[in-house]
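Chemist: The following block contains a protein sequence and its predicted model.
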Number of protein chains: 2
Amino acid sequence: MDSLKNHVLKLVQASDEALDLFASKLQRIAISKKRFLLQPGTQVQHEYFVLKGCLKTYYLDKKGNEHIIQFAIENWWLGDFDAFYNGGTGKFFIEALEDSELLAIDYNSLQEVFEKEPVFERYFRILITGAFIAQRRRILDGLSLKTKGRYLQFCEAYPNIETRVPNYQIANYLGVSAENLSRVRRKLKS
Amino acid sequence: MDSLKNHVLKLVQASDEALDLFASKLQRIAISKKRFLLQPGTQVQHEYFVLKGCLKTYYLDKKGNEHIIQFAIENWWLGDFDAFYNGGTGKFFIEALEDSELLAIDYNSLQEVFEKEPVFERYFRILITGAFIAQRRRILDGLSLKTKGRYLQFCEAYPNIETRVPNYQIANYLGVSAENLSRVRRKLKS
DNA sequence: CGTCTATTTGAATGTACTCAAAAGCGGTGG
DNA sequence: CCACCGCTTTTGAGTACATTCAAATAGACG
């Protein structure tokens, strides 16, 4: 709980009352490794903040191939945002890669927080703006770099994740095959 | 001016006073085809809303290759957001592809609007959340689709842009060569 | 009509992918 | 403690897809 409060306070100046209101809307969730937090085709009522653990968000295409959209570790928000904000059913799986603890907030509660404490409007604006910029960077890397550069960039940007997730999943996230990433990493050592 | 007001009112309920405050901070800019709105290495003071015209945001890598991050047409916001929000100098070129008219707001004015009229905090939160979701979709398409699928997806998502921008620029945006896109389009016709 | 730019086509090259198999690594139970 | 099992990484070989370079064609605009 505290880690979320700290996260909020890093981005905005929130009063104790505002923080308390927010906290009162949060639900604590535990999820164990290999379990699913979300699956496609279901209603998405919540957004999640990671207190502890590691998860991945991925899409399963028609051919059954997995495509990892995002990893999330401590102090990251995650969710199926399109379905959460715009309604409809989700498209993504979210699966725990480690036993994890989360905080969840549901849509109506979040709207209520926004109404009563606009500082959270600001918090999420700043948060999502940062995420947008990071994603733009990822797109740029995808356009301008080959496997080697993308991998190095990933390791630099997510040093904490790199050590916790198997390489074939990182390859998937980068959009390359595990074999190719393996060969590239061999070259990097020499 | 009205098109921005309408855009705001589509996403939030803003009072006339709020809209007037916002409007008072906006500066009208005209830029002609092939001219640059931003160039890398400079301070980024403004964010822009397109009243009329078409522009592209791109990155020039060390080898001199252009990588198009975004196209913007009527009713789109654009800018070098990292530099704008986090300071430092910009990384991107923004160039007009047609004679264009824009509205610009500078950082301090925007902060003032946020302070005085939190409804704009909400407006930009919703706006950027939508942009984030669209970008996530683009990343997913990049991971899961080949040239053909990406092109079809692009045409569907940006029907207005597809007709106004030369194909080789669309190829660039998609991360494929113009020749490859040309061959793929030929197949699509038959 | 001529010039400049954009698109298309061809041919050779290359990078990454797929499939298949071997080697490495960790954990569990005998 | 070792043997085995499952999972991950590595290696090899053949293939597919996109790239590059070069040239021809098509369009747009003065």
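Modeler: Happy to help now that I have it.
Chemist: Could you use CA atoms for every contact and neighbour count after this?
Modeler: OK.
Chemist: Report the spatially nearest residue to residue A:173, omitting neighbours in sequence.
Modeler: Nearest non-adjacent residue to residue A:173, counting by C-alpha to C-alpha, 6 or more residues apart in numbering or on different chains: residue A:68, 4.8 Å away.
Chemist: Is DNA strand D within reach of the helix or strand hosting that neighbour?
Modeler: Using DSSP states H and E, residue A:68 maps to strand A:66-72. No - Strand A:66-72 is not in contact with DNA strand D by C-alpha under 7 Å from any atom of the strand; minimum separation 13.3 Å.
Chemist: For that strand, buried residues please.
Modeler: For strand A:66-72, a neighbour-count test (16 or more other C-alpha atoms under 10 Å in any protein chain shown) marks A:66, A:67, A:68, A:69, A:71, A:72 as buried.
Chemist: again, but for stretch A:83-96
Modeler: Neighbour count says stretch A:83-96 has A:83, A:84, A:85, A:89, A:90, A:91, A:92, A:93, A:94, A:95, A:96 buried, by 16+ other C-alpha under 10 Å.
Chemist: between those residues, which is nearest residue B:48?
Modeler: residue A:85 (24.9 Å; C-alpha to C-alpha).
Chemist: just the helices in chain A please.
Modeler: A:2-11, A:16-24, A:81-86, A:107-116, A:119-144, A:147-157, A:159-162, A:167-174, A:178-189 (DSSP state H).
Chemist: burial of the residue nearest to residue A:127 when sequence neighbours are not counted, as a residue count?
Modeler: In this structure, residue A:127 finds its nearest non-sequential neighbour in residue A:11, 7.8 Å apart by C-alpha to C-alpha, 6+ apart. Counted with other C-alpha atoms under 10 Å in any protein chain shown, the neighbours of residue A:11 add up to 15.
Chemist: ok, back up a step: give the bridge partners for the residue nearest to residue A:173, please.
Modeler: residue A:58 (DSSP bridges).
Chemist: Report the separation between the closest residue to DNA strand C within chain A and residue B:100.
Modeler: In chain A, the residue found nearest to DNA strand C is residue A:176; the distance is 3.1 Å by C-alpha to the nearest atom of the strand. Distance of residue A:176 to residue B:100, given as C-alpha to C-alpha, to the nearest Å: 39 Å.
Chemist: Put the alpha carbons of the lowest-mean-pLDDT helix or strand in chain A into PDB.
Modeler: For chain A, using mean pLDDT, DSSP states H and E, the weakest element among its helices and strands is helix A:159-162, scoring a mean of 84. Extracted C-alpha coordinates of helix A:159-162, given in PDB (Å, rounded to 0.1, in the frame of the first residue of the first chain):
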ATOM      1  CA  PRO A 159      17.500  -3.900 -16.000                       C
ATOM      2  CA  ASN A 160      15.200  -5.400 -13.300                       C
ATOM      3  CA  ILE A 161      13.100  -7.300 -15.700                       C
ATOM      4  CA  GLU A 162      15.900  -8.600 -17.800                       C
END
